[in-house]
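Asker: Give me a model of this one.
(one chain, ligands or ions: 1)
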Amino acid sequence: MKNKLKDILKNKLTNKELAMVPSSYDIVGGIIIFSDFPKELSKKEKTIGNEIIKNYNQIKSVYKKTRKYSGEYRTPKLKLLTGENNKETIYTENNTRLKLNVEKVYFSPRLSEERKRISNQVKNNESVLVMFSGCGVYPLTISKNTKVKNIMGIEINPTAHKYALENLKLNKTKNIELIKGDVKNILPKINKKFDRIIMPLPKGAENFLDLAVSKIKKNGIIHLYSFSEENKYDEITKIIKNKCKKKKKQCKILNIVKCGQFSPRVFRICVDIKIKQ
Ligand code: SAM
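Answerer: Predicted structure coming up:
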């Protein structure tokens, strides 16, 4: 759809307006969301939205972000440009179906490849913990695409947790346990260690690392997400190494993967860490 958007608007906008049509947007099920919709196009919002709905059968609602992901739940604020005012949709990726409200729950379709990358690393019979599990996308991707033994997900946003429970049924999975609450309160009470722990909270995951380190098996892997400039990876790796040292654990940074862009110079990264002892 990326190339075609400007084509379908050709006869509705001036060349100057056309040049301002954002090339960055997300499609989540029947919903399209523009991240940075320019003020200069505010009078053309409806025209643009109507053309999208007219030309793309799948799209029922066109929204723009009026606030980026923020707060503890990492949720955006959206304004309807045109179409149905319905923020609940069903989205499909990596053999999973996910029902969610795009304003009440954090979700990014841009991370689909990254979720596949993680899932591809999961070995038969592993026991996996997903801290910050949201609407269940990581647990479900792993459950549906690997021979994992069991997966636990912990999520503080009650609406995200509610959708995650619904998504277990939607995907008919039997090996996922979801817990609603703060990882800091829940995890210390879990009397179990995991082969792999996923920490998809780029803004602050490192604050939960000592907890993760105390719950990982010997030679287990932690996937910690963070935001970083490309030439400043040593800042996060230093934090990781210090935290492991304090817990008297040896760690090895296996990989640092760029998996998204936060701002022109800042990237979302995943640090894959092996905890040796
Ligand atoms: N894993 C989901 C995904 O990839 O779509 C959600 C990722 S989102 C960036 C981070 C999630 O962590 C949010 O759903 C937020 O509500 C949750 N969260 C934040 N702090 C938390 C905490 N202390 N305990 C449990 N969940 C938390």
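Asker: a strand runs through Ser143, doesn't it?
Answerer: No. According to DSSP: H, G, I helix; E, B strand; the rest coil, Ser143 belongs to no strand; its state is helix.
Asker: Show the pLDDT at it.
Answerer: On pLDDT, Ser143 comes in at 98.
Asker: Next, the residue nearest to it when sequence neighbours are not counted: secondary structure please.
Answerer: Nearest non-adjacent residue to Ser143, counting by C-beta to C-beta, 6 or more residues apart in numbering: Thr173, 4.5 Å away. C-beta: built from backbone N, CA, C; applies to glycine. Look at Thr173: counting by three-state DSSP, its state is coil.
Asker: Next up, phi/psi of Thr173, please.
Answerer: The phi/psi pair for Thr173 (degrees, to the nearest 10) reads phi -100, psi 150.
Asker: residues contacting it?
Answerer: Listed by C-beta atoms under 8 Å, 6 or more residues apart in numbering, the contact partners of Thr173 are Pro139, Leu140, Ser143, Lys144.
Asker: Of those residues, just the buried ones, PyMOL syntax please.
Answerer: The following PyMOL line selects those of the contacts of Thr173 that are buried, judged by 16 or more other C-beta atoms under 10 Å:
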select buried, resi 139+140+143+144
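Asker: between the contacts of Thr173, which is closest to Pro158?
Answerer: Pro139 (17.1 Å; C-beta to C-beta).
Asker: what about the closest one, which SS state?
Answerer: Under three-state DSSP, Pro139 comes out as helix.
Asker: Quick check: it vs the ligand, distance?
Answerer: Distance, Pro139 to the ligand, using C-beta to the nearest ligand atom, to the nearest Å: 9 Å.
Asker: and what of Asn95?
Answerer: Between Asn95 and the ligand the computed distance is 16 Å (C-beta to the nearest ligand atom).
Asker: Return the distance of the residue lying closest to that residue once chain neighbours are set aside relative to the ligand.
Answerer: Counting by C-beta to C-beta, 6+ apart, Asn95 lies nearest to Lys144, which is 4.5 Å off, once chain neighbours are set aside. Computed with C-beta to the nearest ligand atom, the distance linking Lys144 and the ligand is 15 Å.
Asker: next one: Ile239
Answerer: Between Ile239 and the ligand the computed distance is 18 Å (C-beta to the nearest ligand atom).
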